[in-house]
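Asker: Coordinates only, no sequence provided:
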C-alpha cells in the first residue's frame, strides 16, 4: 500500500499502518521512501514538479529495489535521476564491516575471480541484491576511514596492552600465503578498552613487533604498565626493548596449553585441574609455594611438563603486582581470542583474500565497531582501581 501522510494526524497514520500484515515493516518502508524523497529534493534543489531557477537536476521516475533489514525484506520505490544517479543514504551508511565485505567482493572481481564465485560469495553474505556500481559508490570512502582509524593520535598512557596475531590466507606476490596481522588492544586511564593497532606483518619476529610498537609511540603512546601476550620469543623481546619498566604477563591459557601438550590425554583433565590452582592463590608467595609443591609431586611422572611449568612460572605470575585489578582480566588474551573467533566467522565466507589491503579493511572496520561499543559501555576496569595500582607502583619506586 502507498501512503501519503503530509497532512494526516499521527494517530490516523498509526491506525492505517496497523491494518498491514507487518505494521513495523510498513512504517519503516514509508519512512525510507519519505527520506528518499527529501534527499532527492535536496540533491536537485527542487521538490517534485517544482519550477525554480535553483533546480540542478530532474527526476526520471522510479525503480523498484529490494532492501533487506532486520525487520524483514521490503521493496522500495527508489527515485531515479536523469543524470548523476542516486543511492539512498541508508544503503551507503550500512555498517562498516558490511561495507568492507562489499569491497572484498569488488576487489575479487577486479582480480579475475569468476562471476559465478562472486555471486555465490555475495549471496552467502546476504548482499546479492546490490550491483557492482552500488558497491563502488558505497566503498569510495572506506579506505580513508580505515586509514584514519589506524593512524589516529593515541593517549599518552595505556596501563594495560593485550597483543595477539591473526592469521589468514591472503594472495600476495602471485601466490597464496598464510600472513599475520598484529592486533593490539589498550586499556586507557578511564578503564575503557580501545583497539590501538591493526598492523600487517610478513612474519612474527622481534623486528616486526618492534615496528608495530614504534608506530604506537609515534602516535603518542608513552606509558605502559603491563603487556599481556603469549610467549612468542620475538614478541616478548620486542616488548622488553620497546617498553622500559613495563611488566610482561604470560597468557596463562597459552601457558597451560604448552604444559598440557606433554600430558597424556587420559590425564589432561586431572592435571589441568591441579594446574589451575596456581593462579587462584591469594598472593604471589602462596602461588609460588603451591606451584613448587605441585612440581615436586609430579615431576618424576611428567618431567617435560614440569620443566615447561618451572621455566615460565614467574612470567605467568606478574598479575599479582597489579592487585586489586581482577586477575581474570589481565592473566590471558582470551578477550582477543574471542575477537579473533568473531572475525574468523566473517572471513570464512571469503576464503582466500585477494590482497592484504582487503583483509586489513575487513578486520579494521569490524574492530572499529567493537571500539565504538567499548567506548560507550561500562568500564572494563574501574578508574579508582587503576588509581590504587598507580599509587602502589609509585610507592614501590620510591
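Answerer: Sure thing, it's come through. What you see is a predicted model, and the numbers here were worked out from it, not measured in a lab.
Asker: May I ask you to confirm that residue 313 is in contact with residue 289?
Answerer: No: applying CB atoms under 8 Å, one finds residue 313 not in contact with residue 289, separated by 11.6 Å. (Each C-beta comes from the backbone N, C-alpha and C, glycine too.)
Asker: Among those two, which residue is more densely surrounded?
Answerer: Per other CB atoms under 10 Å, whichever of residue 313 and residue 289 has more neighbours is residue 313, with 17 against 13.
Asker: Quick one: residues contacting that one.
Answerer: Applying CB atoms under 8 Å, 6 or more residues apart in numbering to residue 313 gives the contacts 278, 288, 291.
Asker: The closest residue to the first one other than its chain neighbours: neighbouring residues, count only.
Answerer: Read it as residue 278. Nearest non-adjacent residue to residue 278, counting by CB to CB, 6 or more residues apart in numbering: residue 291, 4.8 Å away. A count of nearby residues for residue 291, using other CB under 10 Å, gives 22.
Asker: Please apply the same query to the one 5 residues further on.
Answerer: Residues near residue 296, counting by other CB under 10 Å, number 10.
Asker: cool, and residue 229?
Answerer: Burial of residue 229, expressed as a neighbour count using other CB under 10 Å, amounts to 24.
Asker: Paired strands for the helix or strand containing residue 64, with orientation please.
Answerer: Assessed by DSSP states H and E, residue 64 sits inside strand 59-69. Here strand 59-69 has these sheet partners by DSSP bridges: strand 72-81 (antiparallel).
Asker: that older thread, buried ones in the strand holding residue 64?
Answerer: Neighbour counts over strand 59-69 (16 or more other CB atoms under 10 Å) mark 59, 65, 67 as buried.
Asker: out of those, which one sits closest to residue 179?
Answerer: Residue 179 lies nearest to residue 67 out of the buried residues of strand 59-69, by CB to CB, at 35.9 Å.
Asker: confidence score at the closest one?
Answerer: The model reports residue 67 with a pLDDT of 82.
Asker: Show me the strands in the protein, by range?
Answerer: Under the criterion DSSP state E, the chain contains strands at 59-69, 72-81, 160-172, 175-187, 193-201, 226-229, 247-250.
Asker: Residue 296: which of these is closest?
Answerer: If you check each of those against residue 296 by CB to CB, strand 247-250 wins as the nearest, at 21.9 Å.
Asker: Give the lowest-confidence helix or strand of this protein, using mean pLDDT as the measure.
Answerer: When each helix and strand of the chain is scored by mean pLDDT, DSSP states H and E, helix 132-139 comes last, with a mean of 58.
Asker: which other residues reach the strand holding residue 64?
Answerer: Contact partners of strand 59-69, identified using CB under 8 Å, 6+ apart, comprise 25, 28, 32, 40, 44, 48, 73-82, 91, 126, 129.
Asker: and the residues you listed, which are buried?
Answerer: Buried members of the contacts of strand 59-69, scored by 16+ other CB under 10 Å, are 25, 28, 32, 40, 44, 74, 76, 77, 78, 79, 91.
Asker: Columns distance to residue 384 and pLDDT on top of those, output as TSV?
Answerer: Formatted as TSV, the buried ones among the contacts of strand 59-69 follow (distance: CB to CB, whole Å; pLDDT from 0 to 100):
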residue	distance to residue 384	pLDDT
25	47	80
28	44	80
32	46	83
40	53	88
44	56	87
74	49	85
76	51	89
77	56	89
78	53	90
79	55	91
91	45	71
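Asker: Taking those, tell me the two that lie furthest apart.
Answerer: 25 and 44 (29.0 Å).
Asker: And the helices in the stretch 251-398 of the chain, which stretches?
Answerer: For the stretch 251-398 of the chain, the helices defined by DSSP state H, counting those that start in this stretch cover 252-260, 268-276, 284-298, 303-312, 327-330, 334-347, 356-376, 383-397.
Asker: Quick one: closest of those to residue 236.
Answerer: Using CB to CB, the helices of the stretch 251-398 of the chain put helix 303-312 closest to residue 236, at 10.6 Å.
Asker: Output the contacting helices and strands for the closest one.
Answerer: Helices and strands touching helix 303-312, by 3 or more CB pairs under 8 Å, 6 or more residues apart in numbering; DSSP states H and E, are helix 252-260, helix 284-298.
Asker: winner for burial among those?
Answerer: Highest mean neighbour count among these (mean count of other CB atoms under 10 Å): helix 252-260, with a mean of 19.
Asker: before we move on, the earlier item: out of the helices and strands packed on helix 303-312, the one nearest residue 151 is which?
Answerer: Ranking the helices and strands packed on helix 303-312 by their distance to residue 151 (criterion: CB to CB) puts helix 252-260 first, at 29.9 Å.
Asker: Are there helices or strands packed against the closest one, and which ones?
Answerer: Against helix 252-260 (3+ CB pairs under 8 Å, 6+ apart) you get helix 268-276, helix 303-312.
Asker: now do 10 Å
Answerer: Packing contacts for helix 252-260, counted by 3 or more CB pairs under 10 Å, 6 or more residues apart in numbering; DSSP states H and E, involve helix 268-276, helix 303-312, helix 334-347.
Asker: Burial check on residue 211, number of neighbours?
Answerer: For residue 211, the neighbour count with other CB under 10 Å is 15.
Asker: what pLDDT does the closest residue to residue 281 other than its chain neighbours get?
Answerer: Using CB to CB, 6+ apart and skipping residues adjacent in sequence, the residue nearest residue 281 is residue 287, 4.0 Å away. The per-residue pLDDT reported for residue 287 equals 97.
Asker: can I assume residue 287 is in contact with residue 318?
Answerer: No: in this structure, residue 287 is not within contact of residue 318 by CB atoms under 10 Å, at 11.1 Å.
Asker: ok, the closest residue to residue 375 other than its chain neighbours - contacts?
Answerer: Once flanking residues are discounted, residue 375 sits nearest to residue 192: 5.9 Å by CB to CB, 6+ apart. Contacts for residue 192 were tallied using CB atoms under 10 Å, 6 or more residues apart in numbering; they are 186, 371, 374, 375, 376, 377, 378, 379, 380, 381, 383.
Asker: Fine, thanks again, bye for now.
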